[in-house]
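> Let's see this in three dimensions:
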Amino acid sequence: MNTVAPLDSVTSFLAEKHQLLIGGRWLPAASGESFAVENPARETVIAHVARGGSEDIDRAVRAARAAFEEGAWRRITPSERGQLLWKLADLIETRSEEFAQLETLDNGKPLAVARAADVALTVDHFRYYAGWATKIEGETIPITVPYTEARFLDFTLREPVGVIGQIIPWNFPLLMAAWKLGAALACGNCVVLKPAEQTPLSALLLGQLTCEVGFPDGVVNIVTGFGDAGAALAAHDGVDKVAFTGSTEVGHEIVKASAGNLKRVSLELGGKSPCIVLDDADIELAAEGVAGAIFFNHGQCCCAGSRIFAGPKVREELTERVVEIAKNTKLGDGFDPETAMGPLVSGEQYDRVCNYIGSGEEQGAKLLVGGRQRPRGLDRGYFVSPTIFSEVRSDMSIVREEIFGPVVVIQPFEDPEEVVAKGNDTAYGLAASVWTRDVSKAHKIAAGLRAGTVWINCHNIFDAAAPFGGYKQSGYGREMGRHALDLYTQVKNVIVNLT
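Alright, predicted model coming up:
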């Protein structure tokens, strides 16, 4: 196996004493505890990280509050905020290979994917919001007050919300940090970021770079830890808004925790996204596209295309092609250049996905490829082969519930009118894709689908300018694009008597 060797700088970083970033200082957890970080491809410990808890969250929130209300951050101009974000993007780009290798070691994804998707999109994201920092504007409103002859000037200001608690998942650790931080900082907020305990390393390196670039103390705080730290952040009365990306189950708890001080909430949650392939689709394009929709990032995507709906004329050939792609997908260590799919992120996730595969078999679904058995030649690591089921019922767990792994069901439909209802038959509404040569049908189906993003003849296409978020139990609020600015600003109306 001709694997890529980790950079010396990466090896040195892993050996560091990883602490919490609070108020511009690197501090141990109040408890003195730490936890192990694992490489899921080899099931080996690669680093130890401070285990933050509620006391550390409180310290970080107070540091963020002081920075927001009293620190230099309030005096920095929008142009200077944009320059800091741009410099951060430049520094990430300079150290892109380090970030890519950390993502592969921490998450398991192929190094080529980490380079081309995670890191490149992160750099672009920070640059995009660097440009927005000087363009967050108010408006003037011509008002007429019928009970007086006085004249007034009415204008609005868009101001930062304040202290933001941000909780990010483990599937795209660096990129999800960028999604959260970019818009929040461009708008002038201060942040307490809580990375997933499975993948904290790239966030910690990012924290080092925010200090190096020159963000004032307390503007960016990073507390690594487990669910208790996230719960404390969501419930803290000193937090003005919480932004969460993760499971729908935890999203419900975030909303409950926010009730204490009625903090603002935005949620990007789970999905069960349909890929609808019409009879007139380009079959080669569609087969490659729907396979990528579910197998990209090991199926660990909130918008993964985990339900394929195939028209009667293409069903057999589409199924054969997708099964063949699954069989030929090379699993392995992400540092092997030939690897197309790495392991799942953890033993817990491995057990979850295998249990879903088992439930599909037990409930009578037909297993076409994959399954629970360990892939040949991989004696360790949390590897699950690309798995495809057919002959499923709508009440099966593998059809209704988010698996978050490389598992897909193929279902039939007879006409486009029918498939919209089938695509919408889920508690989720994050994304969908439609595969057809007929522009009219594509637009009609896209209009009928209750999903925050509908891709046509593609899937998993992202850009910093394109808003992303869900309908129904996939959450609310939009990340990326100008729409994300609404999450991190509030409007103040000012009325001046001109008489």
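
> Tell me where the stretch 51-200 of the chain has helices.
Along the stretch 51-200 of the chain, counting by DSSP state H, counting those that start in this stretch, helices occupy 54-69, 78-94, 96-107, 111-113, 120-132, 173-186.

> Tabulate these in JSON lines, adding columns for distance to T339.
C-betas here are computed from N, CA, C, even on glycine. As requested, the helices of the stretch 51-200 of the chain are arranged in JSON lines below (distance: least, Cβ to Cβ, whole Å):
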{"stretch": "helix 54-69", "distance to T339": "37"}
{"stretch": "helix 78-94", "distance to T339": "24"}
{"stretch": "helix 96-107", "distance to T339": "9"}
{"stretch": "helix 111-113", "distance to T339": "8"}
{"stretch": "helix 120-132", "distance to T339": "19"}
{"stretch": "helix 173-186", "distance to T339": "19"}
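
> out of the ones you listed, nearest to A287?
helix 111-113 (20.1 Å; Cβ to Cβ).

> For E159, which of the helices of the stretch 51-200 of the chain is the nearest?
Of the helices of the stretch 51-200 of the chain, nearest to E159 by Cβ to Cβ is helix 54-69, at 11.1 Å.

> Now V496: which helix or strand?
Using DSSP states H and E, V496 maps to strand 489-497.

> between that strand and helix 173-186, what angle do the directions make?
On the basis of axes from the mean of the first three to the mean of the last three Cα atoms, to 10 degrees, strand 489-497 is oriented at 10 degrees to helix 173-186.

> Check which helices and strands strand 489-497 is in contact with.
When contacts are defined as 3 or more Cβ pairs under 8 Å, 6 or more residues apart in numbering; DSSP states H and E, strand 489-497 sits against strand 152-160.

> In its sheet, which strands sit next to the strand it packs on, and in what direction?
Strand pairing for strand 152-160, determined by DSSP bridges: strand 140-141 (antiparallel), strand 489-497 (antiparallel).

> From E38, how far out is L20?
Distance from L20 to E38, counting by Cβ to Cβ, to the nearest Å: 20 Å.

> low-scoring stretches of this protein, by residue?
Within the chain, the segments meeting pLDDT under 70 span 1.

> how about it, which residue sits the furthest from its center?
No residue in the chain sits farther from the centre than E149, which is 53.1 Å out by Cα atoms, centre = their mean.

> That one: what's it in contact with?
Going by Cβ atoms under 8 Å, 6 or more residues apart in numbering, E149 touches no other residue.

> can we see that at 10 Å?
E149 is in contact with T499, counting by Cβ atoms under 10 Å, 6 or more residues apart in numbering.

> what about the residue lying closest to D237 once chain neighbours are set aside, how many neighbours?
Leaving aside its sequence neighbours, D237 sits nearest to N261 (Cβ to Cβ, 6 or more residues apart in numbering; 4.6 Å). If you count neighbours by other Cβ atoms under 10 Å, N261 ends up with 11.

> Let's test this: what are the backbone torsions at N261?
With angles defined as degrees, to the nearest 10, N261 sits at phi -120, psi 20.

> my read: it touches G165, true?
No. Look at N261 against G165 with Cβ atoms under 10 Å: they stay out of range, at 11.5 Å.

> Residues that sit against both of those two, list them.
Applying Cβ under 10 Å, 6+ apart, one finds that N261 and G165 are jointly contacted by A235, H236, G238, V239, D240.

> Closest to E55 out of those?
For the shared contacts of N261 and G165, the nearest to E55 is H236 (11.5 Å; Cβ to Cβ).

> Could you double-check that the closest one sits in contact with V61?
Yes. The criterion here is Cβ under 10 Å, and H236 meets it with V61 at 5.2 Å.

> what residues are up against the residue lying closest to D280 once chain neighbours are set aside?
Leaving aside its chain neighbours, D280 sits nearest to R437 (4.8 Å; criterion: Cβ to Cβ, 6+ apart). Residues near R437 by Cβ under 10 Å, 6+ apart: L278, D279, D280, A281, D282, L285, N457.

> Would you mind stating the distance between R437 and D282?
According to Cβ to Cβ, R437 stands 7 Å off from D282.

> Please enumerate the shared neighbours of the two.
Residues touching both R437 and D282 (Cβ under 10 Å, 6+ apart): N457.

> Could you point out which of the contacts of R437 is nearest to Y476?
Comparing those against Y476 with Cβ to Cβ places N457 closest, at 27.9 Å.

> Settle this for me: the closest one is touching A442, isn't it.
Yes. Using Cβ under 10 Å, N457 is in contact with A442, at 7.8 Å.

> Mind checking which of the two has more residues around it?
A442 (19 against 15).

> Count the residues that sit near the nearest residue to that one once chain neighbours are set aside.
Spatially, and ignoring its direct neighbours in sequence, A442 is nearest to I456 (4.8 Å; Cβ to Cβ, 6+ apart). Neighbour count for I456, taken as other Cβ under 10 Å: 17.

> thinking again about what came up before, between N457 and A442, what contacts are shared?
Residues touching both N457 and A442 (Cβ under 10 Å, 6+ apart) are V434, W435, T436.

> Give me the phi and psi for the second one.
Phi and psi for W435, reported as degrees, to the nearest 10, are phi -120, psi 110.

> Quick check: it vs A133, distance?
W435 is 39 Å from A133, by Cβ to Cβ.

> Burial check on G292, number of neighbours?
Neighbour count for G292, taken as other Cβ under 10 Å: 17.

> Can you name the residues bridging to the closest residue to E391 other than its chain neighbours?
In space, E391 comes closest to K366 once its chain neighbours are excluded; the distance is 4.1 Å by Cβ to Cβ, 6+ apart. Beta-bridge partners recorded for K366 (DSSP bridges): S390.

> Identify the residues contacting the residue nearest the centre of the chain.
For the chain, the residue nearest the mean C-alpha position is M176 (4.6 Å; Cα atoms, centre = their mean). M176 sits next to 118, 122, 166-170, 193, 195-196, 199, 202-203, 245-246, 268, 479 when contact means Cβ under 10 Å, 6+ apart.

> Break this structure into its domains for me.
Taking automatic domain parsing as the reference, the chain has its domains at 8-269+475-494, 274-464.

> Right, I'll leave it there.
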